[in-house]
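> whatever this is, show me its structure:
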Amino acid sequence: MNALLSAIEAGATPSIGEFVDALGPAIPALKDFADTPQDPGWHAEGDVFIHTGMVLDALYELLENRAAHITGARRSALILGAALHDVAKPFTTRRMDIQGVERVAAPRHEMIGRSYLVPRLMGLDLPWSIVEPVLDLVGYHVTPKFLVVKNRDRGSYQRLARSADPELLYWLELADMLGRTCADQERQVEHIEMFGLFAREYRAWRRFGDDAPSWRELFATELRECSAQTRDVSYGSYLRDLESGRVHHPQAGLARSYRYRGEGFPELVVPVGPSGSGKSTWIERHLGDHALVSLDAIRAELGSRADQSQNGKVRQIAKDRLKVGLRAKAKLVWDATNLRRDFRDAVTNLARDYGALVTMVLFPRSEAEYASRNRSREHAVPANVLRRQLEGMQWPELPEAHRWLVVGPNGEILAYYGGLDEALPYGLEATPQTLREEMAWTP
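So this is what the prediction gives:
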């Protein structure tokens, strides 16, 4: 592990300059912070380097006082998340017209930064218990203020709790607002304090939601005579319905599970990772009873698996085959890189329309490992293609599927969410380091 990160675990409070020096080689965007301007109305303090330094200072003060109970891995993730929360600003910042005024903005820098960091954090040999919350803090750090300003309902807070640790987001964003110079700073801080109040009121202060343990127990108990797949699709559908406002109580979600208790339903696995991530090997090893809908195989049928000129036709054929499998209530794998959110949504939304249990399987790797694995493949893609895949990758969000598996470089399961049973699906085995919902509720 990087020496600086080891020091943080031991209680260190490094400056932004120390972060740039230590992590700049692995995360090049850090070295551009000082050259990245910010809007003087929102950030009169100056560039991203100055702002991030002020955020860290504010966070360290909070950790000495109000947030002193944040310790261990959560503290380390919070500090690293603060240092990296604006990591994408160097390549997303632009001048743009906002309500008739030219401003300096960085649209979608939070989610772009989240995806940018996946291979770079994996290259630091960090445990997934640090990598995952850092990605979540970076990706959702603008959401607390948004929920308050837009007056969002309980479901939106619950969705955020499923996606990230709301309390850590609160402390990060409080430091983010304190670590800047702007005319309405007091109002900005008030937005974050309101977020904290609403998150507690809506019982969405803890990761996955304060009531998630009782919800999971209810579904596991009431559906104990059903298959594990029925329990998982029922519970995942309840969460989605709760977050969208279709239901407000777990009993209502349980009642809606009748549709999965009859004649069965299809199952769809959606692997996510660029070329060389190990998806095909993993599928062959663990999903032998699933039918593949493979975009590369369809390209080969049409002439060449390397031919990208007929992608529209390839996707239509694949979609038609997927529909056939879904109607037959089959077990299916959508075999593609699945790096773009819109492409994934088209597949997962269709599967949900057919009542399918959707499991997403993620393959995070370092840049070097992606490249090495790609070179050793029978059908390696050119290096520039792999680079474009990584640059355009949109790392999935947990609510995209009923179940969520993260597979490590050696095939170990880094995380498994959404399943109600202790046992993992597909004959997989957890390790003591495998993240599960229960770990978020253990003191």
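
> nearest spatial neighbour of Ile279, chain-adjacent residues omitted?
To be clear, residue 279 is Lys; Ile isn't right here. Pro271 (4.3 Å; CB to CB, 6 or more residues apart in numbering). Just so you know, the C-beta spots here come from the backbone N, C-alpha and C atoms, and that holds for glycine as well.

> show me what contacts Phe434?
Careful, residue 434 is Thr; it's not Phe. Contacts here follow CB atoms under 8 Å, 6 or more residues apart in numbering; on that basis Thr434 touches Glu412, Ile413, Leu414, Ala415, Tyr416.

> just the buried ones among these, please.
Neighbour-count burial within those applies to Ile413, Leu414, Ala415, Tyr416; the criterion is 16 or more other CB atoms under 10 Å.

> widest-spaced pair of the residues you listed?
Distance extremes for these: the farthest pair is Leu414 and Tyr416 at 8.5 Å, using CB to CB.

> one step back: distance to Lys331, secondary structure and pLDDT added to the buried ones among the contacts of Thr434, as TSV?
Listed next are the buried ones among the contacts of Thr434 as TSV, based on distance: CB to CB, whole Å; DSSP: H, G, I helix; E, B strand; the rest coil; pLDDT from 0 to 100:
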residue	distance to Lys331	secondary structure	pLDDT
Ile413	20	strand	98
Leu414	24	strand	98
Ala415	22	strand	98
Tyr416	18	strand	98
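
> what is the nearest of those residues to Trp42?
The nearest member of the buried ones among the contacts of Thr434 to Trp42, counting by CB to CB, is Ala415 at 35.0 Å.

> can you tell me how far that closest one is from Gly273?
Plainly put, Ala415 is 15 Å away from Gly273 if you go by CB to CB, to the nearest Å.

> likewise for Met194?
Counting by CB to CB, the gap from Met194 to Gly273 is 38 Å.

> neighbour count winner among those two?
Using other CB atoms under 10 Å as the criterion, Met194 and Gly273 rank with Gly273 on top: 23 against 15.

> please name the residues that touch the closest residue in space to that one that isn't next to it in sequence.
Leaving aside its sequence neighbours, Gly273 sits nearest to Phe363 (CB to CB, 6+ apart; 3.3 Å). Applying CB under 8 Å, 6+ apart, one finds that Phe363 lies in contact with Pro271, Val272, Gly273, Ser277, Gly278, Lys279, Trp282, Val407.

> what does the helix or strand hosting Met111 contact?
Of the helices and strands defined by DSSP states H and E, Met111 is found in helix 109-122. If you take CB under 8 Å, 6+ apart as the criterion, helix 109-122 is touched by 26-27, 29, 84-89, 91-93, 131, 134-136, 138-142, 364-367, 369-370, 390, 393-395, 409.

> then stretch 67-78?
5, 8-9, 59, 63, 127, 129-130, 133-134, 137, 165, 167-168, 171-172.

> got the buried residues for it?
For stretch 67-78, a neighbour-count test (16+ other CB under 10 Å) marks Ala67, Ile70, Arg74, Arg75, Ser76, Ala77, Leu78 as buried.

> what's the domain layout of the chain?
Under the assignment automatic domain parsing, the domains of the chain span 3-201, 212-260, 267-441.

> ends of the second one, how far apart?
The distance separating the two terminal residues of domain 212-260, taken as CA to CA, to the nearest Å, comes to 21 Å.

> any idea how far it is from the chain center?
Mean-position distance between domain 212-260 and its chain equals 22 Å (CA atoms, centre = their mean, to the nearest Å).

> again, but for the last one
Offset of domain 267-441 from its chain centre (CA atoms, centre = their mean): 15 Å.

> and the contacts of the worst-scoring helix or strand of the chain on mean pLDDT?
Comparing helices and strands within the chain by mean pLDDT, DSSP states H and E singles out helix 437-441 as the least confident, with a mean of 85. With CB under 8 Å, 6+ apart as the test, helix 437-441 has contacts from Asp165, Arg206, Arg207, Phe208, Ala212, Pro213, Arg216, Tyr417.

> pick out the most distant pair among the residues you listed.
Taking CB to CB, the two most distant members of these are Asp165 and Arg216; they sit 17.8 Å apart.

> the two: who's more crowded?
Legend: neighbour count by other CB under 10 Å for Asp165 and Arg216, higher for Asp165 (25 against 20).

> would you map the strands across the stretch 251-400 of the chain?
For the stretch 251-400 of the chain, the strands defined by DSSP state E, counting those that start in this stretch cover 267-272, 291-294, 331-335, 357-362.

> would JSON lines of the ones you listed with mean pLDDT, mean neighbour count and distance to Asn349 be doable?
Listed next are the strands of the stretch 251-400 of the chain as JSON lines, based on pLDDT from 0 to 100; neighbours: other CB atoms under 10 Å; distance: least, CB to CB, whole Å:
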{"stretch": "strand 267-272", "mean pLDDT": "98", "mean neighbour count": "24", "distance to Asn349": "11"}
{"stretch": "strand 291-294", "mean pLDDT": "94", "mean neighbour count": "19", "distance to Asn349": "16"}
{"stretch": "strand 331-335", "mean pLDDT": "97", "mean neighbour count": "22", "distance to Asn349": "12"}
{"stretch": "strand 357-362", "mean pLDDT": "99", "mean neighbour count": "24", "distance to Asn349": "9"}
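
> fine by me, we can end here.
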